[in-house]
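A.B. asks: What follows is a predicted protein model with its sequence.
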Amino acid sequence: MRATRTCLAAVLGGLLLTTACGSSGDDGRSEPGEQGFTPPKLSAPTSLGRTEGKVNLIAWAGYAEDGSNDPEADWVTPFEKQTGCQVSTKIAGTSDEMVNLMKTGQYDAVSASGDASLRLIASGDAAPVNTDLVPNYKDVFPGLRMQPWNSVGKVAYGIPHGRGANLLMYRTDKVTPAPDSWKAVFDDASAHKGRVTAYDSPIYLADAALYLMKSQPGLGIKDPYALDQKQFDAAVSLLKKQNDNIGEYWSDYLKEISAFKSGDSVIGTSWQVIVNTAQAEKAPVEAVLPKEGATGWSDTWMVSAKAEHRNCAYKWLDWIVSPKANAQVAEYFGEAPANARACQETADKQHCATYHADDAAYWKQVHFWTTPLPQCLDGRTDVPCVPYAKWVQAWTEIKG
């Protein structure tokens, strides 16, 4: 693993609550998506034409490597040779940057995380994707297809790229007994005051909500991304209490590794790749998927509704999820691949086992990042839920 995103979240801005038109029902009227909003009426192509010779991508660092950063990491050059589509990549550091770049219409595809994908769908900046035109889609793990963060109203809006869970990492020489619950960084955080770390993002409120879902069932939380005002206030209160014990909020994985090696941090949220790297550098750390489950991320390649090079964009979607390319990027970035056949192509034959790529039971415990909407994602219609813009505001107050 050589590169990863620096941080994830930023201001939601104006996620459309409804639009004038959407997918049409039998009577011609618009039908709302399962998430409670109606996307603009856009259609996916029924066939592909001649490639345009170029494709402009927005990607997380490490997702579209051409050998310039590491001569051994290059899955872009073979794509260019095979398709004739020359790749130009804009590296984005945050989801908000990706959303803003997509609005310019200058890019053909983007590797969006779950806190950005619904924004792109609702604003009409991302178009539906015809998965029949992406042959390798058939080998994508079923648990990644047609999910709330990459589809609306049973319409696919992208091709899954990979996934990972947010784990609880701890120093084995400082934290005993070994923790098995998020309680260690919330209700019991004072035991390690000043040496607790947490992910620096408004989406981290979902981690608090997930813990409350199990520890305070009376709140009635069913989905950590669907919080009414009372539930949201409880999560904010928990994080403000936790803030007294936080030594550092992290967004740079290298800094988290350094903090755990030095002992400045002894317990907090982490990714599997961080655990692996820290252990390789002789840090005495372990990680666990706590008994409450965890939040996580699954990225999706989406096509711009204004794509100038749509045919090349579709070629890229199929390439990046092909077994060999998907294996290469999963190992380089440090994640579970989306294509089940990629597990046969990894250089490290234990990669898929380490990252639980084909462990369906493991992923059932993971609640993937999804953009919080005013329309409750858990199906409730009797109350409004708190939208992501409010999560951003609250996060500033929590850290302040």
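C.D. replies: Arrived safely, thanks for sending. Numbers count the residues shown, from 1 in each chain.
A.B. asks: tell me the contacts of G158?
C.D. replies: A112, S117, A126, V129, N150, T300, W301, M302, V303 (Cβ atoms under 8 Å, 6 or more residues apart in numbering). Using the backbone N, CA and C atoms, a C-beta is placed for each residue, glycine as well.
A.B. asks: Ok, H161 next?
C.D. replies: Counting by Cβ under 8 Å, 6+ apart, H161 has contacts Y63, S111, S298, D299, T300, W301, I320, V321, N326, V329, A338.
A.B. asks: Among these, which one lies nearest to N100?
C.D. replies: S111 (15.1 Å; Cβ to Cβ).
A.B. asks: separation between the closest one and V303?
C.D. replies: Counting by Cβ to Cβ, to the nearest Å, the separation of S111 from V303 is 12 Å.
A.B. asks: which of the contacts of H161 lies closest to F232?
C.D. replies: The closest of the contacts of H161, once distances to F232 are taken by Cβ to Cβ, is S298, at 23.5 Å.
A.B. asks: Would you tell me which strand is longest in the protein?
C.D. replies: strand 294-304 (DSSP state E).
A.B. asks: Next secondary structure element downstream of that strand?
C.D. replies: helix 310-320 (DSSP states H and E).
A.B. asks: The following helix or strand past that following helix - what's its average pLDDT?
C.D. replies: Next helix or strand after helix 310-320 toward the C-terminus (DSSP H and E): helix 323-333. On average, the pLDDT along helix 323-333 is 96.
A.B. asks: Report all helices and strands that helix 323-333 contacts.
C.D. replies: strand 159-165, helix 310-320, strand 336-337, helix 351-354 (3 or more Cβ pairs under 8 Å, 6 or more residues apart in numbering; DSSP states H and E).
A.B. asks: roughly how far is it from the heart of the chain?
C.D. replies: Computed by Cα atoms, centre = their mean, to the nearest Å, the chain-centroid distance of helix 323-333 equals 17 Å.
A.B. asks: Give me the contact list for it.
C.D. replies: Contacts for helix 323-333 (Cβ under 8 Å, 6+ apart): 1-4, 60, 62-63, 65, 70, 73, 75, 78-79, 136, 139, 161-162, 273, 319-320, 336-339, 341-348, 351, 355, 357.
A.B. asks: Select only the buried ones of those residues in ChimeraX?
C.D. replies: Of the contacts of helix 323-333, the buried ones go into a single ChimeraX selection, burial set by 16 or more other Cβ atoms under 10 Å:
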select :1,3,4,60,62,63,65,73,75,79,136,161,162,273,319,320,336,337,338,339,341,342,343,345,346,351,355,357
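A.B. asks: In strands, which of the contacts of helix 323-333 fall?
C.D. replies: Filtering the contacts of helix 323-333 for strands - DSSP E - leaves H161, G162, A336, P337.
A.B. asks: Closest one to A280 out of the contacts of H161, please.
C.D. replies: Distance to A280, by Cβ to Cβ, is smallest for V329 among the contacts of H161, at 20.0 Å.
A.B. asks: and that closest one, how many neighbours?
C.D. replies: Neighbours of V329 under the rule other Cβ atoms under 10 Å: 27.
A.B. asks: Any figure for the gap between it and H161?
C.D. replies: With Cβ to Cβ as the criterion, V329 and H161 are 8 Å apart.
A.B. asks: Same question for D378.
C.D. replies: 26 Å.
A.B. asks: spatially speaking, which residue is in the middle of the protein?
C.D. replies: W297 (3.1 Å; Cα atoms, centre = their mean).
A.B. asks: Return the residues in contact with that one.
C.D. replies: By Cβ under 8 Å, 6+ apart, the contact set of W297 is L8, S113, G114, R163, G164, N166, F368, W369.
A.B. asks: Show me which helix runs longest in the chain.
C.D. replies: For the chain, the helix with the greatest residue count under DSSP state H is helix 229-243.
A.B. asks: which one of the contacts of G158 is nearest P384?
C.D. replies: The closest of the contacts of G158, once distances to P384 are taken by Cβ to Cβ, is S117, at 21.5 Å.
A.B. asks: Would you confirm that the closest one belongs to a helix?
C.D. replies: Yes. S117: assigned to a helix according to DSSP: H, G, I helix; E, B strand; the rest coil.
A.B. asks: ok, and the closest non-adjacent residue to it?
C.D. replies: Among residues not flanking S117 along the chain, W149 sits closest, at 5.1 Å (Cβ to Cβ, 6 or more residues apart in numbering).
A.B. asks: That neighbour contacts T370, correct?
C.D. replies: Yes. Between W149 and T370 there is a contact at 4.7 Å, judged by Cβ atoms under 8 Å.
A.B. asks: Kindly provide the distance from V392 to V99.
C.D. replies: The gap separating V392 from V99 is 13 Å, by Cβ to Cβ.
A.B. asks: Please say which of the two ends up with more neighbours.
C.D. replies: Under the criterion of other Cβ under 10 Å, the comparison of V392 against V99 puts V99 first, with 26 against 19.
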